[in-house]
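1. got a structure for you, letters missing:
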């Protein structure tokens with residue numbers, strides 16, 4: 001993440017494009033507080049429709065559009081139903097940080113303030129849970145984070161899921177005990193959850209949301225060179 005002022009400068013051309021698009025995404029709520037992702041055109045690549053994808057941008061639909069609305073003064077991040085889609089501070093460099101990693105309302109999280117080091121996400125498969133704040137930073141770079149509940153997914157299915165991640169840059173995978181669903185895929189502001197580890201939509205989500213321009217807060221940011229540690233290494 002870059003400092004806030006420099007981010008606005010870098011985003012300016014993209015925000016202007018989004019404002020000119022003047023689109024109005026769907027805001028139909030889902031049972032989990034999100035809205036089904038709506039492939040409206042904002043001058044960015046629209047993801048293919050995948051039934052069951054939750055979108056947390058509300059009426060704005062995507063990161064580009066919501067940030068344009070914030071920059072124009074139409075709304076503030078705090079006014080959003082899910083403010084985390086526009087919260088990108090590094091908590092561990094803030095004055096008065098208490099040394100504790102950020103805690104998220106959604107588990108696994110799909111965005112929000114995070115730690116300054118990202119989790120390496122170059123098709124990376126981790127055998128133990130990650131620190132959420134590192135993985136959230138990876139999603140800020142455009143990555144998709146696949147998590148699975150080890151109590152709900154058999155070892156053979158874990159190996160099959162790993163094959164979808166390995167050699168796919170800007171993706172990472174780790175167990176997430178207690179998440180309550182077999183498999184969860186999250187990218188910045190969106191997620192897809194399923195009880196079927198063989199669900200074909202898992203690969204479709206990866207194809208559509210890895211580095212998707214509409215939901216990528218830090219275009220051109222790397223997934224290499226991050227931390228490779230897990231909670232077990234702390």
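-> Cool, the structure landed. It should be emphasised that the depicted structure is a prediction, and the values quoted were computed from it without experimental measurement.
2. what kind of secondary structure is the closest residue to residue 168 other than its chain neighbours in?
-> Excluding its sequence neighbours, the residue lying closest to residue 168 (Cβ to Cβ, 6 or more residues apart in numbering) is residue 123, at 4.7 Å. C-beta coordinates here come from the backbone N, C-alpha and C atoms, glycine included. What DSSP: H, G, I helix; E, B strand; the rest coil gives for residue 123 is strand.
3. and the one 5 residues further on, by the same measure?
-> The three-state label for residue 128, taken from three-state DSSP, comes out as coil.
4. now the strands: where do they sit in this protein?
-> Using DSSP state E, the strands of the chain run over residues 35-36, 54-55, 122-125, 144-148, 171-175, 183-187, 190-194.
5. and residue 152, how far is that from residue 218?
-> 32 Å (Cβ to Cβ, to the nearest Å).
6. neighbour count winner among the two?
-> Set residue 152 next to residue 218 and count neighbours by other Cβ atoms under 10 Å: residue 218 wins out with 19 against 15.
7. tell me the confidence at that one?
-> With respect to pLDDT, residue 218 scores 96.
8. I'd say it and residue 141 touch.
-> Yes. With contact defined as Cβ atoms under 8 Å, residue 218 counts as touching residue 141 (5.4 Å).
9. what sits closest to residue 201 if chain neighbours are left out?
-> Using Cβ to Cβ, 6+ apart, the nearest residue to residue 201 is residue 50, at 5.3 Å.
10. scratch that, residue 177
-> Nearest to residue 177 is residue 150, by Cβ to Cβ, 6+ apart, at 6.0 Å.
11. and the one you found, what is it in contact with?
-> Residues in contact with residue 150 (Cβ atoms under 8 Å, 6 or more residues apart in numbering) are 158, 175, 177.
12. residue contacts, the second one?
-> Shown here is residue 175, whose contacts under the criterion Cβ under 8 Å, 6+ apart are 126, 127, 128, 129, 147, 148, 149, 150, 158.
13. residue 234: neighbour count?
-> Applying other Cβ under 10 Å, I find that residue 234 has 7 neighbouring residues.
14. give me the number of residues near the closest residue to it other than its chain neighbours?
-> Distance criterion Cβ to Cβ, 6+ apart; nearest residue to residue 234, sequence neighbours excluded, is residue 131 at 7.4 Å. Look at residue 131: counted by other Cβ under 10 Å, it has 20 neighbours.
15. before we move on, what about residue 149?
-> Using other Cβ under 10 Å, residue 149 has 17 other residues around it.
16. for the spatially closest residue to it that is not a sequence neighbour, give me the pLDDT.
-> Excluding the flanking residues, the one nearest residue 149 by Cβ to Cβ, 6+ apart is residue 179, at 4.9 Å. In this model, residue 179 is scored at 97, pLDDT.
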